[in-house]
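Asker: need coordinates for the following:
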Amino acid sequence: MKKKHNRPRRLNVYDGNSQSRKVKAPEYEFLKQRPSPEKEVSKDIRLNKYIANSGICSRREADKLIESGDIKVNGKTIEELGYKIKPSDKVQYKGKVIKNEKFIYVLLNKPKDFITTTKDPQNRKTVIDLIKNHIDERVYPVGRLDRNTTGLLLLTNDGELSEILSHPSYNIRKVYEVLLDNPLDEEDFIRIKSGLELDDGPVRVDEIAIISPDAKLIGLEIHSGRNRIVRRIFSELGYDVNRLDRVMYSFLTKKDLPRGKWRFLKEHEVVRLKHLGKGKHKKQ
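Answerer: Predicted structure coming up:
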């Protein structure tokens, strides 16, 4: 049996004459995919993408804003979907000029021994070291996790969202798993649930549950963002925290995100986080 050779398939390409010539498929495809000069120099951007890049909403919601007549370009109301603008155009939403900024939103499952900062004067490892070879934009941690605390941490260059998530009045939900050195007894469980008085004022948890049979692994939900607040709660009652892991931040979880790994937030997640700012004092 003769061995078949995988030769390039030939295509008949019409060249304007009555006859056709034969051209190798790979060469033809290369010519076909070469961008035109106009495409290379064009910097026009779709209006809905520009709006989405400004951080106001998703691209789909931007289409609705355009259709409803809420968007102006250079003072003119635009209701045409697919409308393209130039970088020099002025885009307004509700009378306010919006800018086309590329915001980055990163969800990181922080490992131990990493500092939650952009730089460290002692040259210790920072959370930025985990992503710096993959992301060109400068991002900053939202809030803090101490060096020995693991779990979910958000990094972004969106200052407005960072302020929302960091401010105590927005009551951003945080859920921790706490491993204690000794079993949590019933009296201390009730004291934590009822509220404690610490050096910097009272603190109250939203939920507390004993997870393990030996009563050493505790689940804790809290909205306070005060420094080392979870460790201080248990320290007040004489417990040492052997392990502290943030397993939930707002509605975000560690699903499919191993320790030390990160991912970009999905568009609908970013939109949902931004909506938190519209409902102050509501638990999220």
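
Asker: for the protein, which spans come out with low pLDDT?
Answerer: For the chain, the stretches with pLDDT under 70 are 1-42, 55, 277-284.

Asker: can you map out the helices along it?
Answerer: Applying DSSP state H to the chain gives helices spanning 25-33, 37-41, 47-53, 59-67, 159-166, 186-194, 229-236, 267-275.

Asker: in TSV, list those along with distance to residue 82.
Answerer: Yep, even glycine has a C-beta here, placed from its N, CA and C like the rest. Shown next, in TSV, are those (distance: least, C-beta to C-beta, whole Å):
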stretch	distance to residue 82
helix 25-33	24
helix 37-41	17
helix 47-53	8
helix 59-67	9
helix 159-166	28
helix 186-194	56
helix 229-236	49
helix 267-275	19
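
Asker: format those helices as a markdown table; extra columns: distance to residue 95 and mean neighbour count.
Answerer: Output for these, formatted as a markdown table (distance: least, C-beta to C-beta, whole Å; neighbours: other C-beta atoms under 10 Å):
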| stretch | distance to residue 95 | mean neighbour count |
| --- | --- | --- |
| helix 25-33 | 44 | 10 |
| helix 37-41 | 33 | 8 |
| helix 47-53 | 15 | 21 |
| helix 59-67 | 13 | 17 |
| helix 159-166 | 18 | 16 |
| helix 186-194 | 48 | 13 |
| helix 229-236 | 41 | 18 |
| helix 267-275 | 20 | 16 |
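
Asker: those helices: which one's closest to residue 104?
Answerer: helix 267-275 (10.1 Å; C-beta to C-beta).

Asker: in this structure, where's the longest strand?
Answerer: strand 241-249 (DSSP state E).

Asker: next, the buried residues of stretch 175-184.
Answerer: Neighbour-count burial for stretch 175-184 flags 175, 176, 177, 178, 180, 183, 184 (criterion: 16 or more other C-beta atoms under 10 Å).

Asker: verify the stated contact: residue 209 with residue 219.
Answerer: Yes: in this structure, residue 209 is within contact of residue 219 by C-beta atoms under 8 Å, at 4.4 Å.

Asker: which residues touch stretch 211-229?
Answerer: 143-144, 146, 166, 168, 171-185, 200, 203, 205-210, 230, 233, 248, 283 (C-beta atoms under 8 Å, 6 or more residues apart in numbering).

Asker: same check on stretch 109-117?
Answerer: If you take C-beta under 8 Å, 6+ apart as the criterion, stretch 109-117 is touched by 124-130, 141, 143-153, 254, 257-262.

Asker: change it to 10 Å
Answerer: Identification of contacts with stretch 109-117 by C-beta atoms under 10 Å, 6 or more residues apart in numbering yields 108, 120, 122, 124-130, 140-153, 155, 243-247, 254, 257-263.

Asker: and these, which are buried?
Answerer: Neighbour-count burial (16+ other C-beta under 10 Å) is assigned, among those, to 108, 126-128, 130, 140-142, 144-145, 149-153, 155, 244-246, 254, 262.

Asker: looking at these, which are in strands?
Answerer: Going by DSSP E, the strands hold 108, 140, 141, 150, 151, 152, 153, 155, 244, 245, 246, 262 from the buried ones among the contacts of stretch 109-117.

Asker: ok, these vs residue 191, which is closest?
Answerer: Closest approach between those and residue 191, by C-beta to C-beta: residue 244, at 19.3 Å.

Asker: quick one: residues contacting residue 143.
Answerer: Applying C-beta under 10 Å, 6+ apart, the residues near residue 143 are 116, 153, 154, 162, 165, 166, 172, 174, 225, 246, 249.

Asker: so what's the fourth one closest to, chain neighbours aside?
Answerer: I take that to be residue 162. Leaving aside its sequence neighbours, residue 162 sits nearest to residue 142 (C-beta to C-beta, 6 or more residues apart in numbering; 5.0 Å).

Asker: ok, the one you found touching residue 160?
Answerer: No: taking contacts as C-beta atoms under 10 Å, residue 142 lies outside contact range of residue 160: 11.6 Å.

Asker: ok now stretch 48-59, how far from the chain's centre?
Answerer: Here stretch 48-59 is found 15 Å from its chain centre; the criterion is C-alpha atoms, centre = their mean, to the nearest Å.

Asker: list every C-alpha atom in it, with coordinates, as CSV.
Answerer: This file holds the C-alpha atoms of stretch 48-59, laid out as CSV (Å, rounded to 0.1, in the frame of the first residue of the first chain):
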residue,chain,number,x,y,z
ASN,A,48,-20.4,51.1,23.5
LYS,A,49,-16.9,49.8,24.0
TYR,A,50,-15.6,53.3,25.0
ILE,A,51,-18.4,53.6,27.5
ALA,A,52,-17.7,50.2,29.0
ASN,A,53,-14.0,51.0,29.2
SER,A,54,-14.8,54.0,31.3
GLY,A,55,-16.1,51.7,34.0
ILE,A,56,-19.7,52.9,34.0
CYS,A,57,-21.3,49.7,32.9
SER,A,58,-21.0,46.6,30.7
ARG,A,59,-21.0,46.9,26.9
